[in-house]
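Q: please work out how this folds:
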Amino acid sequence: MAASLYIVVEGEDPGFDTFVHGQALARNEDALEKLAERLKVSPLLEFFSADENSMALLMEQGASNPEWARPMPMPQWFMASDGLLTVRALIGYLTTSPTALGSETQPALFELKEYERVLDKAAQRHLHWHLAVSWR
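A: Numbers count the residues shown, from 1 in each chain. As a prediction, the model looks like this:
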């Protein structure tokens with residue numbers, strides 16, 4: 001079962017495509033978290049949040065014990081500019097260190113650039129966001 005980290009933009013329809021595959025970022029989350037800490041930016045998972053619908057979907061997709069999801073807090077929303085700080089720092093590092101994640105560097109870099117595209121549009125529209133997880 002493969003995990004995917006994807007962006008959720010606040011509101012019904014932000015007016016632009018928010019899809020990012022997110023599987024390379026999920027596969028490399030531990031390494032990216034350590035890298036973000038070295039770069040002194042927030043790790044990607046600090047932007048994680050979910051609502052009851054997202055958690056129900058996660059449990060339906062195979063997340064094990066449903067008790068960990070209770071009680072469900074309200075979803076948290078983050079400023080797109082904060083996410084851009086992290087994403088751009090990671091892009092900068094991986095661009096200048098193309099072997100940092102081994103064969104996963106280019107797929108992760110591609111997805112980070114897609115995150116940047118989505119977050120830049122969200123920032124321009126003053127929309128908030130958070131990360132969610134899906135298992136397939």
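Q: output the lowest mean pLDDT helix or strand found in this protein.
A: Of the helices and strands making up the chain, the lowest-confidence element is helix 52-60, at a mean of 58, by mean pLDDT, DSSP states H and E.
Q: in a helix, Arg88, correct?
A: Yes - using DSSP: H, G, I helix; E, B strand; the rest coil, the assignment for Arg88 is a helix.
Q: rewinding a little: what's the next helix or strand after the least confident helix or strand of the chain in contact with?
A: Moving toward the C-terminus from helix 52-60, the next helix or strand (DSSP states H and E) is strand 78-79. Identification of contacts with strand 78-79 by C-beta atoms under 8 Å, 6 or more residues apart in numbering yields Phe47, Ser49, Ala123, His128, Trp129, His130. Backbone N, C-alpha and C define where each C-beta goes, glycine included.
Q: now the fourth one: phi and psi?
A: This means His128. His128 adopts backbone torsions of phi -90, psi 170, taken as degrees, to the nearest 10.
Q: over to the second one?
A: The phi and psi values for Ser49, taken as degrees, to the nearest 10, are phi -160, psi 160.
Q: my read: it touches Leu131, true?
A: Yes - at 7.3 Å, Ser49 counts as touching Leu131 under the criterion of C-beta atoms under 8 Å.
Q: what is the burial count for the nearest residue to Gly15 once chain neighbours are set aside?
A: Distance criterion C-beta to C-beta, 6 or more residues apart in numbering; nearest residue to Gly15, sequence neighbours excluded, is Arg125 at 7.0 Å. Arg125 is flanked by 14 other residues according to other C-beta atoms under 10 Å.
Q: surely Arg125 meets Thr18?
A: No - with contact defined as C-beta under 8 Å, Arg125 and Thr18 do not form a contacting pair (11.5 Å).
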